[in-house]
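J.: Next one to model:
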Amino acid sequence: MRALLALVGCMAAGTAFAVPSPGVGGCRFDASGLPVLHLTVASVVPTLSGVIDTLVTTDGQEVVFPGGVSADVAPRVRAGRVIAVRGVVAPAVGLVRAYEIEGEAASCGVLEAPRPTQTKHLTAEGVVMRVLTDQNGIATGVVLRDRTALRLSALEAARFSTLLRPGQGVYAAGPGYTGPLGRMIAPDVLGPSVAQAVPLGEGDGQGAVPVGPPAGAPGYDEIDGKPVQ
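T.: Residues are numbered from 1 along each chain as shown. Next up, the predicted model:
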């Protein structure tokens with residue numbers, strides 16, 4: 001009780017309490033206790049705003065940066081470069097949630113707010129090389145063999161899960177980023193081919209069967225126009 005009263009007294013007197021400051025180089029977390037991994041970059045995945053939020057390593061791991069890589073560090077994150085990151089590792093799924101990149105000067109860059117940029121309408125057609133996930137290991141897209149990344153919501157990625165797996169052919173179209181960091185599309189049309197592609201929110205993920213009427217709507221109990229017995 002005395003301690004509580006003393007605390008209240010300090011607050012009433014306007015005593016200032018220390019606020020933890022960001023770490024060196026703009027880090028928002030104290031990552032000093034996390035393991036350091038030395039990884040070779042195979043490819044990077046940009047966002048629509050041209051910020052790196054994911055990279056794939058030559059040994060097949062996916063490194064996700066919750067807030068994106070800051071502009072001062074991004075030039076060092078290129079294919080073929082060896083980088084050191086601190087983060088939380090999920091070895092069973094080959095996923096790293098990274099909070100620091102330690103460069104040659106032991107700098108740190110994370111959690112930069114996305115910078116707005118003008119997107120373009122892009123298309124891609126190719127074979128899926130690997131699945132991409134978010135920081136929790138939930139599938140949210142793929143990388144094609146030509147290194148084009150496709151990013152979807154977790155819900156849409158789950159609906160199209162049979163299509164979005166290694167070895168499958170896929171066609172996608174939608175707003176995207178293309179530039180020095182690579183190529184990324186946020187599809188609004190997706191399917192196994194141009195002819196079978198459907199707008200997201202329609203179909204069963206295979207681009208062939210449209211969504212039926214909702215429950216209670218006319219035609220809900222019909223298949224091909226015939227009542228279900």
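J.: which one is Ala139 nearest to, not counting chain neighbours?
T.: Setting aside the residues directly before and after it, Ala139 is nearest to Ala157 in space (Cβ to Cβ, 6 or more residues apart in numbering), at 4.6 Å. Bear in mind the C-beta positions are built from the backbone N, C-alpha and C, glycine included.
J.: Wait, a helix at that neighbour?
T.: Yes. Secondary structure of Ala157 (DSSP: H, G, I helix; E, B strand; the rest coil): part of a helix.
J.: which ones are touching it?
T.: Ile138, Ala139, Thr140, Gly141, Leu164 (Cβ atoms under 8 Å, 6 or more residues apart in numbering).
J.: Going by distance to Ala79, which of those residues wins?
T.: Gly141 (18.8 Å; Cβ to Cβ).
J.: Any figure for the gap between the closest one and Arg151?
T.: Gly141 is 4 Å from Arg151, where distance means Cβ to Cβ, to the nearest Å.
J.: okay, and the common contacts of the two?
T.: The contact sets of Gly141 and Arg151 overlap at Leu132 (Cβ under 8 Å, 6+ apart).
J.: can you pick the most crowded of the contacts of Ala157?
T.: The most crowded member of those, judged by other Cβ atoms under 10 Å, is Gly141 (27 neighbours).
J.: Just send the contacts of Ala157 back as CSV, with pLDDT, distance to Pro180 and secondary structure too.
T.: Formatted as CSV, the contacts of Ala157 follow (pLDDT from 0 to 100; distance: Cβ to Cβ, whole Å; DSSP: H, G, I helix; E, B strand; the rest coil):
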residue, pLDDT, distance to Pro180, secondary structure
Ile138, 93, 28, coil
Ala139, 94, 27, strand
Thr140, 94, 23, strand
Gly141, 95, 20, strand
Leu164, 94, 26, coil
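J.: Tabulate those residues in JSON lines, adding columns for distance to Val56.
T.: Shown next, in JSON lines, are the contacts of Ala157 (distance: Cβ to Cβ, whole Å):
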{"residue": "Ile138", "distance to Val56": "17"}
{"residue": "Ala139", "distance to Val56": "14"}
{"residue": "Thr140", "distance to Val56": "14"}
{"residue": "Gly141", "distance to Val56": "12"}
{"residue": "Leu164", "distance to Val56": "16"}
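J.: Next SSE downstream of the host helix or strand of Val142?
T.: Per DSSP states H and E: Val142 is located in strand 139-144. Per DSSP H and E, the first helix or strand lying C-terminal to strand 139-144 is strand 149-151.
J.: That following strand - contacts with which helices or strands?
T.: strand 36-46, strand 120-133, strand 139-144, strand 182-185 (3 or more Cβ pairs under 8 Å, 6 or more residues apart in numbering; DSSP states H and E).
J.: residues near Asp188, how many?
T.: 15.
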